[in-house]
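A.B. asks: Prediction below, plus the sequence it came from.
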Amino acid sequence: MRIAVLNPQTAFVRGGAEIHTEALTQALRDAGHDAEIVTIAGKWYLATEIVHQMAVWRSFDITESNGMRIDAVIALKFPAYLASHDRKIVWLIHQHRSAYELWDHPDFGDLSVQEDGATVRDLIHTGDRLALGEAKRIFANSKNVAKRLWDGLQIPAEPLYHPSPATTQGEAEFAGRLASKYHWHSVVIVTIVPQDFRARLRLERCFGGQVYVMTGSLPLRSWPYQIAYEWGATIKALTVFVHSLGGGK
């Protein structure tokens, strides 16, 4: 299946949304699909520029490319989900939040203080209702994002968490996939002393080869928090491990 992953670009900015987009695209490729990131660069100020970006995405023909049909699109955030396709799936990272719960925020409510802000907010709400209403399925990357969508537009979304490598479990799963792909026989973990045991436990569940651990120093002031955090996280990891062996109910 030929799948386009739609995500707007802010030039010279890279963060969680970009990592999410790249990981999703790679996962689709690993599953045998012909997946490609499709992006349009833009900026989100002034208010009139937001309307321009909405129009660009709405008028963008993503039904085919180079004479080949695109079978489905997965749109991740505003305004990419405004693109029209008969098999559009939305995995929502966020809407344009200053048109919703951040409208009155003293620091982030930039849209509300602009001359055309209220008009643009209404256009965003209208466009979101239309575009999200076209989607075959709507997922949200967290319960919070799903709640924001419901609170703002009363549109339901199913929470679907990204297996982020930013978590210990996500990193272990990611390392396991790389090890399988490249036929690694051993992996070295570089972590902090309090995380030594848990990181090893997580990775050994995802990788059958030899696991080595190298630990780095930690500032003295960070030890109380890290010890408390690691105790809780390790108990959770051990509980999951026991259940995976059939020892839990």
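C.D. replies: Happy to help now that I have it.
A.B. asks: So this structure: which segments form each domain?
C.D. replies: Domain assignment for the chain, taken from automatic domain parsing, gives 2-159, 168-244.
A.B. asks: Pick the most buried one from these.
C.D. replies: When the domains of the chain are scored by mean count of other Cβ atoms under 10 Å, the highest mean neighbour count falls to domain 2-159 (a mean of 16). Yep, even glycine has a C-beta here, placed from its N, CA and C like the rest.
A.B. asks: what about the strands in this protein?
C.D. replies: Listed in chain order, the strands of the chain (DSSP state E) span 2-6, 34-38, 64-65, 68-69, 72-77, 88-94, 137-140, 158-159, 186-192, 210-216.
A.B. asks: Paired strands for the last one, with orientation please.
C.D. replies: If I follow you right, that is strand 210-216. strand 186-192 (parallel) (DSSP bridges).
A.B. asks: who touches the strand it pairs with?
C.D. replies: With contact meaning Cβ atoms under 8 Å, 6 or more residues apart in numbering, strand 186-192 is reached by 175, 179, 199-200, 203, 207, 209-218, 226.
A.B. asks: 6 Å - rerun?
C.D. replies: 175, 199, 207, 209-214, 216, 218 (Cβ atoms under 6 Å, 6 or more residues apart in numbering).
A.B. asks: of these, closest to Thr39?
C.D. replies: Of all the contacts of strand 186-192, Ala175 has the smallest distance to Thr39: 27.8 Å, by Cβ to Cβ.
A.B. asks: ok, now how distant is that closest one from Glu18?
C.D. replies: Distance, Ala175 to Glu18, using Cβ to Cβ, to the nearest Å: 21 Å.
A.B. asks: again with Phe78
C.D. replies: 15 Å.
A.B. asks: And for Tyr100?
C.D. replies: Per Cβ to Cβ, Tyr100 is found 22 Å from Glu18.
A.B. asks: do the same with Gln9
C.D. replies: According to Cβ to Cβ, Gln9 and Glu18 sit 8 Å apart.
A.B. asks: go on, Lys143?
C.D. replies: Separation of Lys143 from Glu18 (Cβ to Cβ): 23 Å.
A.B. asks: and what of Asn141?
C.D. replies: 14 Å.
A.B. asks: swap in Ala83?
C.D. replies: Applying Cβ to Cβ, the value for Ala83 to Glu18 is 18 Å.
A.B. asks: got it, and Asn66?
C.D. replies: In terms of Cβ to Cβ, Asn66 sits 25 Å off from Glu18.
A.B. asks: same check, this time on Ala80
C.D. replies: Distance from Ala80 to Glu18, by Cβ to Cβ: 13 Å.
A.B. asks: hey, where'd the helices end up in this protein?
C.D. replies: With helices called from DSSP state H, the chain shows them at 16-30, 47-59, 117-134, 143-153, 168-182, 196-206, 223-244.
A.B. asks: Among the ones you listed, which comes closest to Ile40?
C.D. replies: Closest among the helices of the chain, using Cβ to Cβ: helix 47-59, at 6.0 Å.
A.B. asks: Could you check how far that closest one is from the centre of its chain?
C.D. replies: 23 Å (Cα atoms, centre = their mean, to the nearest Å).
A.B. asks: what does it rub up against?
C.D. replies: Applying Cβ under 6 Å, 6+ apart, the external contacts of helix 47-59 come out as 42-44, 79-80, 82-83, 114, 116-117, 120, 127.
A.B. asks: The residues you listed: which two are farthest apart?
C.D. replies: Of all pairs drawn from the contacts of helix 47-59, the widest gap by Cβ to Cβ lies between Ala83 and Gln114 and measures 25.4 Å.
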